[in-house]
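> pasting the sequence and the predicted model now:
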Amino acid sequence: MVKKVAVLTSGGDAPGMNAAVRAVVRAGIKAGLTMYAVYDGYKGLVEGKIEEVDRNFVSDTINRGGTILRTARLPEFKEELIQNMAIKQLQAYDIDSLIVIGGDGTFKGAADLSKKGINTIGIPGTIDNDIACSDYTIGFDTCLNTIVGCVDKIRDTTASHRRCTIIEVMGNRCGDLALYSGVSEGVEMVVSKDMPMSEEQIFTKLKSLKGGKKGHYLVIVSEKLFDNVYDFAKRVTEATGIETRAEVLGHLQRGGSPSARDRILASRFGVAAINALLEGKTSVVVAMQNEKIVTVDIAEAVAMKREPNKELLHIISTINR
Ligand code: F6P
């Protein structure tokens, strides 16, 4: 029977993680469970950074970016020895269940702990939106809106100077941030895993647009496609004669107050995670599919391949230039 539940955040932080922690803690307490916070993700779990929390612990956090539990990356958590250290810490507090908020890597760790007798539930929290079993992850919407706000500003100066600007966005090999922001901004080109283009193709397209009435161009590219986007911008200038700049939006994409949509999604996921535990589920991820919250086996969830949104791909190729 579920009695004592811990919650942690792991991997890259995402706006809305606090709203999820809040929902987990409050729904757990409401159900009569004893709730614990783990600091610094799996690293903190291994080190025993665990404390019991009450409902006030999460007061005034729903609007805050980052994660009050802090986070860390611990690739060594794959190792059984390290996992056993984490289990020992949980046993020291008599904790029977763990809710982890993060991405794929976080879920793999949870699946391993589940095999060792800890009930585990995963909540998708990452700006990348790369959890295939869920239509959306916590943080994606806020991040997308941050990108759109930045590109709006970059557009002003790009247009004033009649330049081309290459804007690199995050996504960790998932093209969703590039695709959704490309649709939102109506940019000339999106270059991502789902919309690959060679340098030559990019030059050719820009040259074909050059001399047109508009006279300025925005290109959104996913991170990790170009070794150095600043050098790429120089090559664009040389090849096309269009003065080109590069902007790497970087970690500012991960910060900021979560959007209403992320706060609501996080609250739904948090309550669903506690319900899943109460129903006796373990080693599952809560996910949003067609606006409904469902649970999916963790192993299945991490094995699933993310498909790009075909409708948005079609929209880009239909109405962007
Ligand atoms: O997974 C979130 C993310 O922001 C990715 O988009 C990016 O590739 C990565 O994390 C960056 O990680 P770090 O902050 O550890 O450099």
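On my side now, so go ahead.
> OK, now which residue of the stretch 1-150 of the chain is nearest to the ligand?
Nearest residue of the stretch 1-150 of the chain to the ligand: Gly12, at 3.1 Å (CB to the nearest ligand atom). Where C-beta positions appear, they are placed from N, C-alpha and C, glycine not excepted.
> which SSE is that residue in?
Gly12 is part of no helix or strand, with elements assigned from DSSP states H and E.
> by contact count, what packs against the host helix or strand of Ser208?
Assigned by DSSP H and E, Ser208 falls within helix 199-209. Other helices and strands packing on helix 199-209, by 3 or more CB pairs under 8 Å, 6 or more residues apart in numbering; DSSP states H and E, are strand 189-191, strand 217-222, helix 229-240.
> what mean pLDDT does the first one get?
Put plainly, it is strand 189-191. For strand 189-191, the mean per-residue pLDDT is 97.
> which elements pack onto that strand?
Counting contacts by 3+ CB pairs under 8 Å, 6+ apart, strand 189-191 packs against helix 176-185, helix 199-209, strand 217-222.
> out of the ones you listed, which comes closest to Ala233?
With distances scored as CB to CB, the stretch of the helices and strands packed on strand 189-191 nearest to Ala233 is strand 217-222 (9.4 Å).
> re the thing from before, using PDB, write out every CA atom in the helix holding Ser208.
What follows is helix 199-209, C-alpha atoms only, in PDB (Å, rounded to 0.1, in the frame of the first residue of the first chain):
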ATOM      1  CA  GLU A 199      23.700  24.400 -46.700                       C
ATOM      2  CA  GLU A 200      23.500  24.500 -50.500                       C
ATOM      3  CA  GLN A 201      19.700  24.300 -50.400                       C
ATOM      4  CA  ILE A 202      19.500  27.100 -47.900                       C
ATOM      5  CA  PHE A 203      21.700  29.300 -50.000                       C
ATOM      6  CA  THR A 204      19.700  28.600 -53.100                       C
ATOM      7  CA  LYS A 205      16.400  29.400 -51.400                       C
ATOM      8  CA  LEU A 206      17.700  32.700 -50.000                       C
ATOM      9  CA  LYS A 207      19.100  33.700 -53.400                       C
ATOM     10  CA  SER A 208      15.700  33.000 -55.000                       C
ATOM     11  CA  LEU A 209      14.100  35.300 -52.400                       C
END
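> what angle do it and helix 229-240 make?
Per axes from the mean of the first three to the mean of the last three CA atoms, to 10 degrees, the angle that helix 199-209 makes with helix 229-240 is 50 degrees.
> show me which positions of helix 199-209 end up buried.
Using 16 or more other CB atoms under 10 Å as the test for burial, helix 199-209 gives 202-203, 205-206, 209.
> of these, which are in range of the ligand?
Among these, no residue lies close to the ligand (CB under 6 Å from any ligand atom).
> name the residues that touch stretch 222-230?
Residues outside stretch 222-230 that contact it (CB atoms under 8 Å, 6 or more residues apart in numbering) are 166, 168-173, 175, 177-178, 191-193, 221, 232, 246, 248.
> ok, stretch 293-303 next?
By CB under 8 Å, 6+ apart, stretch 293-303 touches 104, 107-108, 110-111, 114, 120, 122, 131-133, 268-269, 272, 276, 281, 283-288.
> same thing with stretch 239-249?
Looking at what lies outside stretch 239-249 - CB under 8 Å, 6+ apart - the contacts are 146-147, 150, 154, 158, 161-170, 199, 203, 206-207, 210, 217, 223, 229-230, 232-234, 236-237.
> now the residues you listed: which count as buried?
Buried among those by 16+ other CB under 10 Å: 146-147, 150, 154, 158, 163-170, 203, 206, 217, 223, 229, 232-233, 236.
> present the helices and strands packed on helix 199-209 as CSV; the columns should include distance to Asp96.
As requested, these are exported to CSV (distance: least, CB to CB, whole Å):
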stretch, distance to Asp96
strand 189-191, 46
strand 217-222, 41
helix 229-240, 47
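> ok, Arg254 touching Met170?
Yes: in this structure, Arg254 is within contact of Met170 by CB atoms under 8 Å, at 7.5 Å.
> got any residues that touch both of the two?
Any residue near both Arg254 and Met170 by CB under 8 Å, 6+ apart counts here, and that gives 127, 143.
> now, of the contacts of stretch 293-303, which are buried?
Buried among those by 16+ other CB under 10 Å: 104, 107-108, 110-111, 114, 120, 122, 131-133, 268-269, 272, 276, 281, 283-288.
> from these, which land in helices?
Counting by DSSP state H, the buried ones among the contacts of stretch 293-303 place 104, 107-108, 110-111, 114, 268-269, 272, 276 in helices.
> distance of the residue lying farthest from the centre of the chain from the ligand?
Here the centre of the chain is the reference, and by CA atoms, centre = their mean the most remote residue is Gly211, at 38.9 Å. Distance of Gly211 to the ligand, computed by CB to the nearest ligand atom, to the nearest Å: 36 Å.
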